[in-house]
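[1] Compute the structure for the input listed below.
(chains A, B, C and D)
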There are 4 protein chains.
Amino acid sequence: MNQKKRFQQKKYKNTVALIYIHTYNNTQQKMYKDRTGCKFMKAAIVGATGYGGIELIRLLHNHQEIEHIAVFSSSQEGKTMAQSYPHVTEIIDETLETIDAATLKEYDVVFLSTPPGVSAELSAELVPETKVIDLSGDLRLKRSDIYEAWYGRKSAPNHLLQQAVYGLSEWKKESIKNTSLLSNPGCYPTAILLGLAPLIQEGAIQPEYLIIDAKSGTTGAGRSPSAMTHFSEMNDNFKVYKVNEHKHTPEIEQQLSDWANKEVTVTFTPHLVPMTRGIMATMYAPLTEGWSTEKITALYESVYADQPFVRVRENGTFPFTKEVYGTNYCDMSFSIDERTGRITVVSVIDNLVKGASGQAVQNMNLMFGFEEGTGLNTIPIYP
Amino acid sequence: MNQKKRFQQKKYKNTVALIYIHTYNNTQQKMYKDRTGCKFMKAAIVGATGYGGIELIRLLHNHQEIEHIAVFSSSQEGKTMAQSYPHVTEIIDETLETIDAATLKEYDVVFLSTPPGVSAELSAELVPETKVIDLSGDLRLKRSDIYEAWYGRKSAPNHLLQQAVYGLSEWKKESIKNTSLLSNPGCYPTAILLGLAPLIQEGAIQPEYLIIDAKSGTTGAGRSPSAMTHFSEMNDNFKVYKVNEHKHTPEIEQQLSDWANKEVTVTFTPHLVPMTRGIMATMYAPLTEGWSTEKITALYESVYADQPFVRVRENGTFPFTKEVYGTNYCDMSFSIDERTGRITVVSVIDNLVKGASGQAVQNMNLMFGFEEGTGLNTIPIYP
Amino acid sequence: MNQKKRFQQKKYKNTVALIYIHTYNNTQQKMYKDRTGCKFMKAAIVGATGYGGIELIRLLHNHQEIEHIAVFSSSQEGKTMAQSYPHVTEIIDETLETIDAATLKEYDVVFLSTPPGVSAELSAELVPETKVIDLSGDLRLKRSDIYEAWYGRKSAPNHLLQQAVYGLSEWKKESIKNTSLLSNPGCYPTAILLGLAPLIQEGAIQPEYLIIDAKSGTTGAGRSPSAMTHFSEMNDNFKVYKVNEHKHTPEIEQQLSDWANKEVTVTFTPHLVPMTRGIMATMYAPLTEGWSTEKITALYESVYADQPFVRVRENGTFPFTKEVYGTNYCDMSFSIDERTGRITVVSVIDNLVKGASGQAVQNMNLMFGFEEGTGLNTIPIYP
Amino acid sequence: MNQKKRFQQKKYKNTVALIYIHTYNNTQQKMYKDRTGCKFMKAAIVGATGYGGIELIRLLHNHQEIEHIAVFSSSQEGKTMAQSYPHVTEIIDETLETIDAATLKEYDVVFLSTPPGVSAELSAELVPETKVIDLSGDLRLKRSDIYEAWYGRKSAPNHLLQQAVYGLSEWKKESIKNTSLLSNPGCYPTAILLGLAPLIQEGAIQPEYLIIDAKSGTTGAGRSPSAMTHFSEMNDNFKVYKVNEHKHTPEIEQQLSDWANKEVTVTFTPHLVPMTRGIMATMYAPLTEGWSTEKITALYESVYADQPFVRVRENGTFPFTKEVYGTNYCDMSFSIDERTGRITVVSVIDNLVKGASGQAVQNMNLMFGFEEGTGLNTIPIYP
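    Prediction:
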């Protein structure tokens, strides 16, 4: 412990936070006083030892508005983060605390990266005293019956379902800015909905024939070791799973139906790729009358012109998953096949960033009035 | 090399070939009536240093009908196989010979694993004096205009296109048995056509809405190093390529149209998976009236009951690519989504075996009257 | 089950076994009678659901002396092999049986691919009524005290330890031929001992400075999922483990000491490579006086001239792990550094074949008087 | 491109740079006294399309002292960076410029990430007008004869070799601060020298028996596709190369000899791991008298107490390569084997960061008087 203390002093810990305020104000002192009663942001991460949790820590650590990150766990209380994740040795010194609503209320924002059921309960206690960003699937569906049919368990109370804002950042900015309870989208739905939004909203495709073939890296399956993700059986292997049965299906349908103003039912197949991070969604639908490559290109470009994290690729080129590695970007492109009258849309994200923790930070930025890209404007790590 | 000679004697080289003939009946003994005093099967592989070529060597080496394998190359004549592929050191001692039609005619069977254009020329000289199995795409399409549109080069002479039998082993057995010129199917078409055959032939799906999303290991891209398959940029990455432009599209459509008795146009998207071998095709189409899970199950099982290399998986389970690694199997399964009325079919093969060299050996077996599985009845290497 | 039965008939199941006898005898009938009292080989695999077990099945399935393979498991009795390993669907129909010494005695050979402690007990009951090949580490060390120090558990009874023959095939042929109780070497020791044997036996190196740096694919860690081998944390990662603490250390030292006629203590470090199969051992030692590249080359070549599974690579080239993938080969090479007077030896094997099940089959061949390479003379699967 | 321009405005481009200076003291303000009206740091990267170049862009893009990054290439002039690396689309808009000394002189710092020979020439023209950080191997060795023996080509002029400071950041701080010509260390030497420094300097090991077994991800081999790094032949494979012949050997020896005050000759073996990034060096040597685990622990901790990028791991645990992924950390640990009297040291880095571009940025920080960790204080991306 002595050693750790010593190292602690020499490492660069959130010094950016000390720096930032100068941008907006004249002097550092003033800034400290002005800032909503003289305090910095304090963030709590519940479920910090999962992949969503550790990715939040990585992103928030370099976020200039965050002064302090506290970590909570139901299974590893008392351990340091470095005991669970040696790669944060001498960078993150926090000890995992017991989950407790009273304690959590003291934080400006609480991220819930928890197993099913936990967030439904905790959120009710924390909101609106503090702001909650829920990365679990507890609050994504508006209808209890649909939740229960697909998740096979009791849903959260209906008022919470209605209260929670579905945080697809690019499309819900106003609601996000005004909520204290945000439900962060699933990884597959994020890639899929961003890719399809322009087409569905403009009626450019016939949604009743929509086919979604998605491929994910293994971190989407979480940190618990399993036969499915055992290295010896996942390496050099390509897997399909939960055909017509994945829980993200109703989440995708709910949003598409909302945009289409009619009920949309999709075919959605998830696959597992022998890679750590990344999702690619390849989506197929027949075009409606009157759409050309030029018109669709113009549509995508205008729709996403002001969205810092959506990159519409030049027509004729397609993104690969690694080209967004470690970042909050969603890259997309499309191709129209004149022979069949169908459009193929390809969309990629990093499942742990834009598909989880990155979008959560983007949503936090919106909820607190920070610039949307704060802490997220890095270049993908490539190769 | 003195050393090589010495080792040559101690290694096990095709001793199985001495054994086999006794097992079989009179027809076969007649075929080799002069065997003890005379000749075994001699096979020539043209383009032996590509992945198709080396895989043929692996399979034919343990094929009990093959006495001798000769190897030919246009670029590496004079080198030994072990100089090109150290893993055959002390097993295969052959030296790469210059490609020459007169020489090739002396072999019982000639495998052409050659770049576009070569086989169109060579085949004309070799057939019918010897039997030719062409693994290139030169002779797969019946129509010159379609070949030229998709391949961007002049097609083989029309009479060769018509003469060549498209060797999808499970569905062309009679034609295969009677031809001297066999065109071996492409890797993607093999996985796709085997998976769709029962449905298309029985009219169980509406082919005009057929979507084929296929994923392949990198060996499908061949042995030449490229930016696309550079390890540093392919590892931990998932790629899509040739969207609506892959040459296998017309090959798939030609066969589906033939089965459907009407022109079928498909949407086909190939992807590259960070793995060495394997193809998974995920295929989507609306069912026609009257088909249930039970009926489709019964259909697949009866259609493939006598096909040794097709394994219809138990309903509710799906195959992974590694489960056919190194073997000639094509495993498949399906799921019907009652909500959408669509069927999802999943089919996997090893692209270098059933998708290339294995199916070529299966076709050779059929062409020469050997048992279909000779040299191919091994267990997938797993994990 | 109905379906399975039907398929069962069409698949190629050990037909090679029916064929083989013709080679040596005149008719099939005579052969059946003559054969050591009219029976074929029946093999039992205990612990069939582990990686050692399934690899034994793969190798024995194509072994021409094996008529029947029975499978036993302590945890999955009643299941079929295909339920545990879908890749053997329609190939292996056997059901996992309860482990029972009386039943096992009916087999010609029993392979024990079991956790620590099981084999120590079972072997005592089975030998000498049947022949036992033990792939666990229970019987590899001759001294109880050393076993107990490194394995942290009670050793097998001393008489069993003394009775068991350490089955390093290339170096123990006479003992192996005459034993009923064979202890199959560990994966690391196999690669290491084969690489060092010529040098140690001839006194060409100073063993007191021997450094062994070994790298293994993850299948060496077995089939149980763990954090260490979770795909998300093993992919794109390289790990070191059990530094100066690996159980294979005393096994290596025991054999080296025996050859050197003095006690040898080594430094041995194992590492985990993000790959499925393969071991590379890189070994370093100072040469004694009078050894040149030419002399060492001649030494290796003469020592291994008659060993079908050892391939000494041409000086100046080195083997890669994939060049022995799926086979029983051990490839090796070396380099002498004139500047330091040290030799570097590199040796590679497939850890599941030559490092486990392949060497076990090689040992079975020797124990039963079959040709040493029976069932093993295949070409590495590459790429 | 109209589109690009539009997007350019919405993306977050170095806004951090506007922030930073206020934090710091007078010295720095002076340095940029003309900032608002005048100039920030301008950096040039020569050889920007290689992996070293693109990694420099990633790191400098988020470096608060850098206002502008210009990119130069001898082969791709006129292309945008995004054409070479699609992952920087809409982030880096720069076009690759022709390499020209006069132009380069206008930059505050020039990074040379160039093939052999280029830097030797360019450096002479640029220094001391501007500061040069050379990532090639041209200037690492002090002795021409040794350079020429190992590199097989003519060395840079002797005065340049003498002038260049070898930039092993942790050990050369004073020299680095005062030089205009910095030679950035090789990837292997960085991991190895940092791991061995405390032991060699204190005489704790006998250097004449030093064995270095190193393993690297494939990015160390650069961006040019080759058979060695073709995905199909590198995946699931482990390779050894340049045994006793790697160019980094004399670089390691030069520094070790300097520290040991006598000539040190090492055995060094590099290996290629099927992963993208990362180096692990496992190093072995006999301890001299009087060293215990406690003493060595204390030594490492005290030596590296003030080095922000060296993390000495808790005794008994070892670092894995992924635990420093994408960052400038060098993590290390050791184990003493009482049985042999030898110490095993394990050291890991990201070969593209601490092994190349990260250390280059660290050196730039030192050369310009910025805080050492500026732009580098991120958390490793894990998993």
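[2] And the pLDDT at the closest residue to chain C within the stretch 251-383 of chain A?
    Among the residues of the stretch 251-383 of chain A, A:T276 lies closest to chain C, at 5.1 Å counting by CB to the nearest CB. Using the backbone N, CA and C atoms, a C-beta is placed for each residue, glycine as well. pLDDT recorded at A:T276 is 98.
[3] Quick check on it: phi, psi?
    phi -80, psi -50 (degrees, to the nearest 10).
[4] List the contacts of it.
    Residues in contact with A:T276 (CB atoms under 8 Å, 6 or more residues apart in numbering or on different chains) are A:G217, A:T218, A:T219, B:D236, C:F231, C:S232, C:N235, C:D236, D:P383.
[5] repeat that with 10 Å
    Contact criterion CB atoms under 10 Å, 6 or more residues apart in numbering or on different chains gives A:51, A:217-220, A:325, A:350-352, B:236, C:231-237, D:322, D:325, D:381-383 as the residues in contact with A:T276.
[6] now do A:G203
    The neighbourhood of A:G203, defined by CB under 10 Å, 6+ apart, consists of A:W259, A:A260, A:N261, A:T288, A:E289, A:W291.
[7] Mind checking which of those land in helices?
    Assignment to helices by DSSP state H places the following of those there: A:W259, A:A260.
[8] Pipe the contacts of A:G203 into a markdown table and attach pLDDT per row.
    A markdown table is the format used below for these (pLDDT from 0 to 100):
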| residue | pLDDT |
| --- | --- |
| A:W259 | 98 |
| A:A260 | 98 |
| A:N261 | 97 |
| A:T288 | 98 |
| A:E289 | 97 |
| A:W291 | 98 |
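[9] Would you mind writing the ChimeraX command to select the buried ones in the contacts of A:G203?
    Buried members of those, identified by 16 or more other CB atoms under 10 Å in any protein chain shown, are gathered into one ChimeraX selection as follows:
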select /A:259,260,291
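[10] near chain B, from the contacts of A:G203?
    The residues of these that also fall near chain B, by CB under 10 Å from any CB of the partner chain, amount to none at all.
[11] I'd like the contacts of A:G203 as JSON lines, with distance to A:V88 appended.
    As requested, these are arranged in JSON lines below (distance: CB to CB, whole Å):
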{"residue": "A:W259", "distance to A:V88": "40"}
{"residue": "A:A260", "distance to A:V88": "44"}
{"residue": "A:N261", "distance to A:V88": "47"}
{"residue": "A:T288", "distance to A:V88": "51"}
{"residue": "A:E289", "distance to A:V88": "55"}
{"residue": "A:W291", "distance to A:V88": "49"}
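[12] just curious, which of the contacts of A:G203 is nearest to D:M332?
    The closest of the contacts of A:G203 to D:M332 turns out to be A:W259 (CB to CB; 53.4 Å).
[13] Which residue ranges of the stretch 201-350 of chain A form strands?
    Assignment of strands within the stretch 201-350 of chain A using DSSP state E, counting those that start in this stretch yields the ranges A:211-216, A:239-240, A:267-272, A:279-286, A:310-312, A:330-337, A:342-349.
[14] Relative to chain D, which of the ones you listed is closest?
    Once these are compared by CB to the nearest CB, strand A:310-312 is nearest, at 5.3 Å.
[15] Give me the contact status of the closest one with chain B.
    No. Looking at strand A:310-312 against chain B by CB under 10 Å from any CB, there are no contacts, and the closest approach is 15.4 Å.
[16] which bits of chain A sit near chain C?
    Neighbours of chain C within chain A, by CB under 10 Å from any CB: A:51, A:85, A:217-237, A:272, A:274-277, A:352.
[17] ok, A:T267 touching B:V345?
    No. Using CB atoms under 10 Å, A:T267 is not in contact with B:V345, being 12.0 Å away.
[18] can you list residues touching both of the two?
    A:V243, B:Y284, B:S335.
[19] How many residues are close by the residue nearest to A:F334 when sequence neighbours are not counted?
    Nearest in space to A:F334, with sequence neighbours left out and distances taken as CB to CB, 6 or more residues apart in numbering or on different chains, is A:V345 at 4.6 Å. Neighbour count of A:V345, defined by other CB atoms under 10 Å in any protein chain shown: 24.
[20] got a list of what A:V345 touches?
    Residues counted as contacts of A:V345 (CB under 10 Å, 6+ apart) are A:192, A:194-196, A:198-199, A:205, A:212, A:281-285, A:296, A:300, A:332-335, B:243.
[21] quick one on the thing from earlier: now list the buried members of the residues of chain A next to chain C.
    Buried subset of the residues of chain A next to chain C (neighbour count, 16+ other CB under 10 Å): A:51, A:85, A:217-221, A:223, A:225, A:229-237, A:272, A:274-277, A:352.
[22] For the spatially closest residue to A:N363 that is not a sequence neighbour, give its distance to A:L182.
    By the measure of CB to CB, 6+ apart, the closest residue to A:N363 outside its immediate chain neighbours is A:G167, 4.4 Å from it. Spatial separation of A:G167 from A:L182 under the definition CB to CB, to the nearest Å is 5 Å.
[23] Likewise for A:S224?
    When CB to CB is the yardstick, A:S224 and A:L182 sit 26 Å from each other.
[24] Now intersect the contacts of A:T276 with the helices, please.
    With DSSP H as the criterion, helices contain A:Y51, C:F231, C:S232, C:E233, C:M234 from among the contacts of A:T276.
[25] So which of the residues you listed reach chain D?
    By CB under 10 Å from any CB, the members of these lying near chain D are A:Y51, C:F231, C:S232, C:E233, C:M234.
[26] and which of the residues you listed is nearest D:N62?
    The shortest separation between D:N62 and any of these is 23.2 Å, and it belongs to A:Y51 (by CB to CB).
[27] Tell me who's in contact with the closest one.
    If you count contacts by CB under 10 Å, 6+ apart, A:Y51 has them with A:113, A:218-223, A:276-277, A:351-352, A:356-357, C:232-233, D:382-383.
[28] just A:Q163 next, same as before
    Taking CB under 10 Å, 6+ apart as the test, what A:Q163 contacts is A:S123, A:A124, A:V127, A:P128, A:L139, A:A156, A:P157, A:T179, A:S180, A:L181, A:S183.
[29] again, only this time at 7 Å
    With contact set as CB atoms under 7 Å, 6 or more residues apart in numbering or on different chains, A:Q163 has these partners: A:L181.
[30] Would you check how far apart the closest residue to chain D within the stretch 101-250 of chain A and C:F334 are?
    Of all residues in the stretch 101-250 of chain A, A:D236 sits closest to chain D, with a separation of 5.4 Å (CB to the nearest CB). If you measure A:D236 against C:F334 using CB to CB, the figure is 30 Å.
[31] re the thing from before, how close does the residue nearest to A:F334 sit to A:V312?
    If you go by CB to CB, the gap between A:V345 and A:V312 works out to 11 Å.
[32] joint contacts of these two?
    Common neighbours of A:V345 and A:V312, counting by CB under 7 Å, 6+ apart, are A:M332.
[33] and stretch A:307-320, does that touch chain D?
    Yes. Figure legend: stretch A:307-320 in contact with chain D (CB under 7 Å from any CB of the partner chain); contacting residues A:P308, A:R311, A:R313, A:T317, A:P319.
[34] Many thanks, have a good one.
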